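Engineer: sequence-free structure coming up:
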């Protein structure tokens, strides 16, 4: 909020559930691309999409690459209330590093609030095997539903906005591929 300054509308960058469930009013939305950050299903979720005993996954913005998503313009006078609600949703455990990022849109560049994750965070998964993703997709479920449904809803919403995500498509295809009883692929 301090970097925003309060003199103009605030843009918010959505790259996962904020696309299909923003839960705030906005005056404009645009497709956008952020350079230097990418969407990755590499953040542990022990409440919303999993449990402490069976953690699920949620998306985070990790450094490197680029990410297509949606930016929302929140009118200046509504920003304090919207950000307060957004903080309750996204920052309950303080895991994200909120930042203002440059987002390219077809109508020009905007600075938008985005929720990023440090690879030093204890909630960063590091590299996961295909077998681990399949396991998480098949069993992880929290108060807002399963990791698999969350990832599927994100992919469907991205497609609705004309955005493709090959990495997410590949991950979701893992969930539908059978494995043999010994744990190998059938």
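Structural biologist: Noted; the coordinates are in hand. Just so you know, these numbers come straight off a predicted model, no measurement behind them. Numbers count the residues shown, from 1 in each chain.
Engineer: Residue 42: what's it in contact with?
Structural biologist: 57, 60, 62, 117, 124, 125, 126, 128 (C-beta atoms under 8 Å, 6 or more residues apart in numbering). To be clear about C-beta, it is placed using only N, CA and C from the backbone, and glycine gets the same treatment.
Engineer: and the fourth one, what is it in contact with?
Structural biologist: Shown in contact with residue 117 (C-beta under 8 Å, 6+ apart): 42, 43, 60, 61, 62, 95, 96, 97, 123, 124.
Engineer: from the residues you listed, which single one is nearest residue 53?
Structural biologist: For residue 53, the closest of the contacts of residue 117 turns out to be residue 123, at 16.1 Å, with distances computed as C-beta to C-beta.
Engineer: State the distance from that closest one to residue 144.
Structural biologist: Residue 123 sits 16 Å away from residue 144, going by C-beta to C-beta, to the nearest Å.
Engineer: again, but for residue 150
Structural biologist: With distances defined as C-beta to C-beta, the gap from residue 150 to residue 144 amounts to 7 Å.
Engineer: Show the end-to-end separation of stretch 71-84, please.
Structural biologist: 18 Å (C-alpha to C-alpha, to the nearest Å).
Engineer: Not counting it itself, show me its contacts.
Structural biologist: 1, 4, 6-14, 18, 22, 24-30, 32, 103, 105, 110, 112-113.
Engineer: In helices only, show me those.
Structural biologist: The subset of these located in helices under the criterion DSSP state H comprises residue 18.
Engineer: Can you flag which of the contacts of stretch 71-84 belong to strands?
Structural biologist: Taking DSSP state E as the definition of strands, the contacts of stretch 71-84 contribute 10-14, 28-30, 32, 103, 105, 110, 112-113.
Engineer: I'd like those residues laid out as a markdown table, including distance to residue 174, neighbour count and pLDDT.
Structural biologist: Shown next, in a markdown table, are the ones in strands among the contacts of stretch 71-84 (distance: C-beta to C-beta, whole Å; neighbours: other C-beta atoms under 10 Å; pLDDT from 0 to 100):
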| residue | distance to residue 174 | neighbour count | pLDDT |
| --- | --- | --- | --- |
| 10 | 37 | 24 | 94 |
| 11 | 34 | 24 | 96 |
| 12 | 31 | 23 | 95 |
| 13 | 27 | 28 | 97 |
| 14 | 25 | 23 | 96 |
| 28 | 36 | 14 | 97 |
| 29 | 31 | 17 | 97 |
| 30 | 32 | 19 | 98 |
| 32 | 28 | 28 | 98 |
| 103 | 30 | 25 | 98 |
| 105 | 32 | 17 | 98 |
| 110 | 35 | 20 | 97 |
| 112 | 31 | 24 | 95 |
| 113 | 32 | 23 | 92 |
